[in-house]
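Undergrad: only geometry, no sequence info:
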Ligand code: SF4
């Protein structure tokens, strides 16, 4: 099967054009036609001599982007879209409207191999990683349905850093000035802590924001909830995050889901504060939503937040959205 032209960055496309004896500058017209205008006829792209399209055709396909199979809307305005990508690889993306902004949450994989016990996606296991154009298809659906997007988070199904090549390529394509020109600074990539890729991101020229899923401050408890702790222990993940902040003069976001009676005790907030206090960060607190339905905020959520604030940690209590359509954090299960 021929690779889809849409999955190439502009720099990669320029190299292909040069190898075909064509001008690298044609890549800009191809990007405008394909990514901005959604054209799909390779032989008749606007602004491109038909000769160039015909030269690319033996090596590349340009199929229309897949459309979602199912749409669901929540009473709070959240919308969830289910795609069924080739080879039985379902994946979901979510549009989250807030008061003054709209956020798209994209999936990087169909299912996930990380096996976090609280997460519906983890319960599916990994079906496969998504291609660059499958990630772009989710973005285009969210953009069309929302009528405009302010930010983008890779916090849907899958661990983005275990499909980093395709996620990175999607980031570069989406932010290209001849494509959607979506600022990298408005994109956040969330990881459970894949240290080698945190290090790669630190050394890269990408401007995306980093979010790390803490899950639990106690190692044994974290290993029970997020088995990746055994591969990438939290203390080492935090060291990588600290270095990311130092090298990039940036701050990192720590995601912390509050499981009632499990990791929301005063001793947990004290342990967490001790771990992150010296890292330029914000801790996003997320009330737990069980896979089957809404969970919601317990009195401990607010108390936990106040304990962190008193310990000098910046916090944000994330209002959970879309729980009634299983679109909230940890609930994406692709219709299963
Ligand atoms: S929380 Fe994230 S990393 Fe863990 S299983 Fe779910 S999708 Fe995978």
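TA: Happy to help now that I have it. All figures in this text were calculated on a predicted structure; none of them were measured in a lab. Numbering: from 1, shown residues only.
Undergrad: for the residue nearest to residue 63 when sequence neighbours are not counted, give the beta-bridge partners.
TA: Spatial nearest neighbour of residue 63, excluding adjacent residues (C-beta to C-beta, 6 or more residues apart in numbering): residue 4 at 6.2 Å. For every residue, glycine as well, the C-beta is placed using N, CA and C. Following DSSP bridges, residue 4 is listed with bridge partners residue 61.
Undergrad: who touches residue 4 in this structure?
TA: 60-63, 131, 133 (C-beta atoms under 8 Å, 6 or more residues apart in numbering).
Undergrad: how much space between it and the ligand?
TA: Applying C-beta to the nearest ligand atom, to the nearest Å, the value for residue 4 to the ligand is 25 Å.
Undergrad: state the distance from that residue to residue 193.
TA: For residue 4, the distance to residue 193 equals 31 Å [C-beta to C-beta, to the nearest Å].
Undergrad: which parts of the helix or strand of the chain at the bottom of the mean pLDDT ranking are buried?
TA: When the helices and strands of the chain are scored by mean pLDDT, DSSP states H and E, helix 120-124 comes last with a mean of 91. Across helix 120-124, burial judged by 16 or more other C-beta atoms under 10 Å covers 120-122, 124.
Undergrad: return the member of those residues nearest to the ligand.
TA: Of all the buried residues of helix 120-124, the ligand sits closest to residue 122, with 2.8 Å by C-beta to the nearest ligand atom.
Undergrad: quick check, the closest one in contact with residue 109.
TA: No: assessed by C-beta atoms under 8 Å, residue 122 is found out of contact with residue 109, at 10.9 Å.
Undergrad: residue nearest the middle of this protein, spatially speaking?
TA: Centroid-nearest residue in the chain, with C-alpha atoms, centre = their mean: residue 154, separated by 0.7 Å.
Undergrad: ok, what's across the strand from that one?
TA: Counting by DSSP bridges, the residues bridging with residue 154 are residue 189.
Undergrad: just to revisit the earlier point, and the least confident helix or strand of the chain, anywhere near the ligand?
TA: Yes: contact between helix 120-124 and the ligand, assessed by C-beta under 6 Å from any ligand atom, occurs at 121-122.
Undergrad: mind checking what helix or strand follows that helix in sequence?
TA: Downstream of helix 120-124, the next assigned helix or strand under DSSP states H and E is strand 126-129.
Undergrad: would you map the strands across the stretch 201-336 of the chain?
TA: Under the criterion DSSP state E, counting those that start in this stretch, the stretch 201-336 of the chain contains strands at 209-213, 252-258, 281-287, 315-317.
Undergrad: for the ligand, which of those is the nearest?
TA: Once the strands of the stretch 201-336 of the chain are compared by C-beta to the nearest ligand atom, strand 209-213 is nearest, at 6.2 Å.
Undergrad: what's that closest one in contact with?
TA: 153, 155, 185, 187-193, 198, 201, 226, 237-238, 241, 244, 250, 252-255, 257, 284.
Undergrad: are any of those buried, and which?
TA: 153, 155, 187-193, 198, 201, 226, 237-238, 241, 244, 252-255, 257, 284.
Undergrad: for the longest strand seen in the chain, what is the average pLDDT?
TA: Counting residues, the longest strand found in the chain (DSSP state E) is strand 89-97. Mean per-residue pLDDT for strand 89-97: 96.
Undergrad: now whichever helix or strand comes after it, how far from the centre of its chain.
TA: Following strand 89-97 in sequence order, the next helix or strand is strand 102-105 (DSSP H and E). Centre-to-centre, strand 102-105 and its host chain are 10 Å apart (C-alpha atoms, centre = their mean, to the nearest Å).
Undergrad: per-residue pLDDT, the residue nearest to residue 63?
TA: 95.
Undergrad: and residue 293, by the same measure?
TA: pLDDT, read off for residue 293, is 59.
Undergrad: quick check: the residue nearest to residue 63 vs residue 69, distance?
TA: Taking C-beta to C-beta, one finds residue 4 at 19 Å from residue 69.
Undergrad: what does residue 195 give?
TA: Look at residue 195 and residue 69: by C-beta to C-beta, they are 36 Å apart.
Undergrad: just give me the neighbour total for the nearest residue to residue 311 once chain neighbours are set aside.
TA: Excluding the flanking residues, the one nearest residue 311 by C-beta to C-beta, 6+ apart is residue 273, at 3.5 Å. Close neighbours of residue 273, defined as other C-beta atoms under 10 Å, add up to 19.
Undergrad: kindly report the same for residue 223.
TA: 16.
Undergrad: enumerate the residues of this protein near the ligand.
TA: So the chain meets the ligand at 112, 114-116, 119, 121-122, 157-159, 192 (C-beta under 6 Å from any ligand atom).
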